[in-house]
Structure formats: structure tokens, C-alpha cells
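In: here is my input, please return the structure:
(2 chains)
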Protein chains: 2
Amino acid sequence: MIKVVIIGAGNVASHLFDAFYTTENISVIQVYNRGQKKLAYFENKTSTTTSISKIMDADVYIISVSDDSINSLSKKLQFNNKLIAHTSGSVAMNQISNHNIPSVFYPLQTFTAGKTVDFKAIPLCIEATKINDLLLLERLAKSISDNVYHIDSKQRKALHIAAVFVNNFVNHLYQKGEQICKENKVSFDILKPLILETAKKVSELSPLKSQTGPAKRNDHKVIEQHLSDLNTSAQQEIYTLLTKSIQETHGDKL
Amino acid sequence: MIKVVIIGAGNVASHLFDAFYTTENISVIQVYNRGQKKLAYFENKTSTTTSISKIMDADVYIISVSDDSINSLSKKLQFNNKLIAHTSGSVAMNQISNHNIPSVFYPLQTFTAGKTVDFKAIPLCIEATKINDLLLLERLAKSISDNVYHIDSKQRKALHIAAVFVNNFVNHLYQKGEQICKENKVSFDILKPLILETAKKVSELSPLKSQTGPAKRNDHKVIEQHLSDLNTSAQQEIYTLLTKSIQETHGDKL
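Out: Below is the predicted model of the structure:
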């Protein structure tokens, strides 16, 4: 039985709690949060506390708070030599105070409050300095996910930046697509199957190979027409830059 | 029974043929293509010809050739007053020579040669001038797809541009994400569940509402760090522009 204390009560904390809650051999013995309100979700399921001095003895402590609070919170913990994992994509492992043992337990996914996720499919990126700590995190990770990766802090930083491109920026392009539809009184629903198919294709074919469209074909006539049809300079700037970038990427094949 | 002749033998033509082939009440009586080679796929299933003068009498002719050839090919057809539909997202309906009856039958999807698609989920955008022609196209469209839309040429042009954003440009961002992973020796596979989840989320929540990330949060520290960690000026340019665009879009909420 691995005893876990979760520190923090936000989105990631509650999704991790839910995943562990239904897993044998893992027991979340306590959830700590500074404020009482967010602890309500956990109260009938495990012990909770708002007092840092009352955090219980466990095998692993998972700190799931905002990036900026990880370091300061880890310094306040009143015990020593315990394995502490944070769940952030962009914070280095050594930001956890070294009076305990720093490690990382990073689920690479976008979590929405209230929406259940299937943790089995979510990649978990773990990091620790000593092999025994890594093995403990791996047991913990494999109990809830089929996709566990050993990733160091430099790789994790790169993954986080890549995630900004394929999640944040992609979503913004969806929004631009929706905007163009609205401006022309067309339902955005018509594009949803295409959006899904484009994402699914990546699992079968590298994005380099599956690139299509006027930029890839170097079709100047269509590109000029599109640019003159776009209504806002923001849309035009994005169209121009991404077209140029596709042409540069695929330039050797023209 | 609706009798159809398909003109062209490329990707869209063969996918449409496959969908009609298994549909009752639709009969593709012939496929025409200028070259013999691409007709091989159809030869045991229907009549084929490379001679424009031997095109048979049908209820609908579907022209599925490259955008640039639609106009010239439609002029060469040696019959009159027949319903002719092209399958392009960016060509106006009136590009079809008016010695026949111009119309549009546009499947909004990305087709990969050899990969079977489920046509039921693919939006079909149809356009015609007269109501009877539109109804015939609608019967044809509904026989293979559950998502049939009446879309005029202006709306179709907007849809096509929006599709460049949510398909071509999004795929290019996937490629940038893969590049960043490779540069840092991390498997791109780790990002695939996130890519799929991001696409699925659009069906439930508008992209405007589901935007997350450092740009949305206006987190200057993380943005500066990411920009200095990126290896190429192309990556930095894209990061800078899309960050700016997200900030401008969500600026009123900061």
C-alpha cells in the first residue's frame, strides 16, 4: 500500500485524487489545502486539513498548486527526507526545497473542472534523482496510467513548450476558424469533423507527411485570394506567417 | 435510382465512388478520366472511359478534378442542360460552363489515398440555383452523409479559408511541436493524447472559452522563458505572433 498526501485542491489535485481513489494499493490518506472551501470535494472521502503542521506521515507527497507557489510551499513543510513530487510542466525539480526529496509527477493533459478524464490514456512524466524514488513514483504512476515516461527537467520543459504549440496555439486557430465562420454566417459545426480527423491523423502519419493545402502546394493564386478575403489584420498576419513557415518547411520539395 | 457519372479519378473521386457504390438507389454508371492509369481502380466495378465524347447519359455529373481544370473541363462536355456539380471548396459555382447546369457537391474533409473514411460523418455542402436541382443533390448527399448543408459560394469560400486555419495551419503547429520534441530527444507520442483531447474539447466547449496557457494568463515570465528556450527563429516568430493574438483576443478579460 502506497500512502499518499495530496497538497493542493485544484483541478489537477482533484483529478489525481479521483484516479487514486478507485485504485487498489494506493491510499490518499489526506488532502491539504490552505483554504477550507475547496476541501469540501474531498471531505467525505478522506481526511482533510488546512493546517500545514497537521500534514500526516506518508510515502509520497504530491504538491499540486500553482507554479509560483511550489517553491515557497515546499519550504514550509515541517518534516524532512520525504519524497515530494510536484505536478508542473514548467517548474524544475530542484524548485522543491531540498530538506525533503524533490521529484516530479507531471500528467500531460488539459484538465477541465467537472469533466471526468480517463487517466489510463494520460501520459505521466516522472522524474527523481535516486532509483528507489523513481521506482516508487513509477509504481504510483503505472497504477493509474498506461503511459508512464521517465523525463528529466530539460525534456519536460521542452514538452511543455511543445504542448503550448499543439494545445494553446491550436485552440486559438480553432477560435480564428470559428470567428471566420461567424463573420460569414456559417455554422462552425461543419468544421468539427475535419478538426477531429486532423488530430486523429497525427497518430498514423507524421505531421510533416500529412501537410496539405495552398501553402504546401505553393498555390499563390489561392493564397492571395484568401488574404484579400480575410476581414481582420490579426487573421491576415497569422495566415501570412504560417503560410511562410509551411513554405519554408516544405521548400526543398517544391 | 439516381444515375451518376464521376468525372475525374483522384482522391475525392474514388472516395465518393466507394461511398456511392455501397448505397442503394445510387448507381455510378461510369467514371471518366483523361488518363487510363487511374481508372484501373474502377474497372471491375463500373464502366470507364478516357474519351470525353463517350460520356454516358446520367442524372448528375460530378466533376472531381483539380481546381484549375474545373472550368476548362466543363466547357468540353459535349451535352447540354445537365446537372453538373464540382467538389471544390474554393471554386465558385459559376466556374462551371453554363451550357450545362452548374452546382456544387463539396465534401469538407481531408482525404488520404488508401485510407477508408466514414462518409456518414463528413459534412457535405451543396449548392444549386434551382430548387429541383438542389433537392436532387440533397437526395444524393443524404444517401451517403448525415451532415448535409445548403451553402452558397460566398459561405463556401469562407468555410474553405476557415478550414485552412483548423486543418493546414493546425497540422503545421503539430509539426512544430514534433520538431521541438525531436530537438530535445523526447517522444512526440507523449503529446498525442493531448492533441486528441484538444480537438475533442471543441465539440463541447467553444474554443474561446476553452483557451488556456501562458498567453491567456498573461504570464510574462513563462512567455519570456519559452522564447529564450526555442531553437529556431521560425518557432520564435510563431510563438510571438500567436501569443500576441491570444492576448489581444482575451485582452478585455485580463
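
In: tell me where the model's unsure across the stretch 151-254 of chain A.
Out: For the stretch 151-254 of chain A, residues meeting the criterion pLDDT under 70 lie at A:252-254.

In: residue numbers of the stretch 1-150 of chain A in contact with chain B?
Out: Counting by C-beta under 8 Å from any C-beta of the partner chain, the residues of the stretch 1-150 of chain A close to chain B are A:Asp67, A:Ser90, A:Leu108, A:Gln109, A:Thr110, A:Thr112, A:Ala121, A:Ile122, A:Pro123, A:Cys125, A:Asn147, A:Tyr149. Bear in mind the C-beta positions are built from the backbone N, C-alpha and C, glycine included.

In: just to be sure, the fifth one is in a strand?
Out: What that stands for is A:Thr110. No: applying DSSP: H, G, I helix; E, B strand; the rest coil, one finds A:Thr110 to be coil, outside a strand.

In: mind listing the helices for the stretch 151-254 of chain A?
Out: Using DSSP state H, counting those that start in this stretch, the helices of the stretch 151-254 of chain A run over residues A:153-163, A:170-183, A:192-201, A:207-210, A:214-217, A:220-229, A:233-249.

In: I'd like those as a markdown table, with distance to B:Leu134 appended.
Out: A markdown table is the format used below for those (distance: least, C-beta to C-beta, whole Å):
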| stretch | distance to B:Leu134 |
| --- | --- |
| helix A:153-163 | 45 |
| helix A:170-183 | 22 |
| helix A:192-201 | 22 |
| helix A:207-210 | 34 |
| helix A:214-217 | 29 |
| helix A:220-229 | 25 |
| helix A:233-249 | 31 |
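
In: contacts only, for A:Ala158.
Out: A:Ala158 makes contact with B:Ile180, B:Cys181, B:Glu183, B:Asn184, B:Val186, B:Asp229, according to C-beta atoms under 8 Å, 6 or more residues apart in numbering or on different chains.

In: how far does stretch A:134-143 sit from the chain's center?
Out: 19 Å (C-alpha atoms, centre = their mean, to the nearest Å).

In: and the residue nearest to A:Ser103 when sequence neighbours are not counted, what is it in contact with?
Out: Distance criterion C-beta to C-beta, 6 or more residues apart in numbering or on different chains; nearest residue to A:Ser103, sequence neighbours excluded, is A:Ala128 at 3.9 Å. Residues in contact with A:Ala128 (C-beta under 8 Å, 6+ apart) are A:Leu83, A:Ala85, A:Met93, A:Ile101, A:Pro102, A:Ser103, A:Val104, A:Leu134, A:Leu137.

In: drop anything exposed from these.
Out: A:Leu83, A:Ala85, A:Met93, A:Ile101, A:Pro102, A:Ser103, A:Val104, A:Leu134, A:Leu137 (16 or more other C-beta atoms under 10 Å in any protein chain shown).

In: in strands only, show me these.
Out: Cross-referencing those against strands under DSSP state E gives A:Leu83, A:Ala85, A:Ile101, A:Pro102, A:Ser103, A:Val104.

In: roughly how far does the third one sit from chain B?
Out: So the one you mean is A:Ile101. Distance, A:Ile101 to chain B, by C-beta to the nearest C-beta, to the nearest Å: 24 Å.

In: hmm, who's touching the helix or strand harbouring A:Ser14?
Out: Per DSSP states H and E: A:Ser14 is located in helix A:11-21. Applying C-beta under 8 Å, 6+ apart, the external contacts of helix A:11-21 come out as A:4, A:6-7, A:26-28, A:31, A:41-42, A:45-46, A:62, A:64, A:87, A:107, A:111-113, A:116-117, A:119, A:143-144.

In: off-centre distance for it?
Out: In terms of C-alpha atoms, centre = their mean, the centre of helix A:11-21 is found 14 Å from the chain centre.

In: could you look up the next helix or strand downstream of it?
Out: Using DSSP H and E, the next helix or strand after helix A:11-21 towards the C-terminus is strand A:26-32.

In: so which other helices or strands are in contact with the helix or strand following that following strand?
Out: Using DSSP H and E, the helix or strand that directly follows strand A:26-32 along the chain is strand A:47-49. The contact analysis (3 or more C-beta pairs under 8 Å, 6 or more residues apart in numbering or on different chains; DSSP states H and E) places strand A:47-49 against strand A:26-32.

In: any idea of the mean pLDDT in the strand it packs on?
Out: Computed over strand A:26-32, the mean pLDDT rounds to 98.

In: so it versus helix A:11-21, what angle?
Out: Relative orientation of strand A:26-32 and helix A:11-21, computed by axes from the mean of the first three to the mean of the last three C-alpha atoms, to 10 degrees: 150 degrees.

In: so which residues make contact with strand A:26-32?
Out: Applying C-beta under 8 Å, 6+ apart, the contact partners of strand A:26-32 are A:1-9, A:13, A:17, A:20-21, A:39, A:42, A:46-50, A:52, A:55-56, A:58, A:140, A:143-144.

In: any chance of a ChimeraX selection covering the buried ones in these?
Out: For the buried members of these, the matching ChimeraX selection, counting by 16+ other C-beta under 10 Å, is:
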select /A:2,4,5,6,7,8,9,13,17,20,39,42,46,48,49,55,58,140,143,144
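
In: what about the residue of the stretch 1-150 of chain A found nearest chain B, how many neighbours?
Out: In the stretch 1-150 of chain A, the residue found nearest to chain B is A:Pro123; the distance is 4.6 Å by C-beta to the nearest C-beta. Neighbours of A:Pro123 under the rule other C-beta atoms under 10 Å in any protein chain shown: 23.

In: quick one: it from A:Asn147, how far?
Out: From A:Pro123 across to A:Asn147, the span is 4 Å (C-beta to C-beta, to the nearest Å).

In: please identify every residue contacting each of those two.
Out: If you check A:Pro123 and A:Asn147 against C-beta under 8 Å, 6+ apart, the residues they both contact are B:Ile190, B:Pro193.

In: go through stretch A:60-74 and flag the buried ones.
Out: Quick answer for stretch A:60-74 (16+ other C-beta under 10 Å): A:Val60, A:Tyr61, A:Ile62, A:Ile63, A:Ser64, A:Val65, A:Asp67, A:Ile70, A:Asn71, A:Leu73, A:Ser74.

In: so which of those are in strands?
Out: Using DSSP E, the subset of the buried residues of stretch A:60-74 located in strands is A:Val60, A:Tyr61, A:Ile62, A:Ile63.
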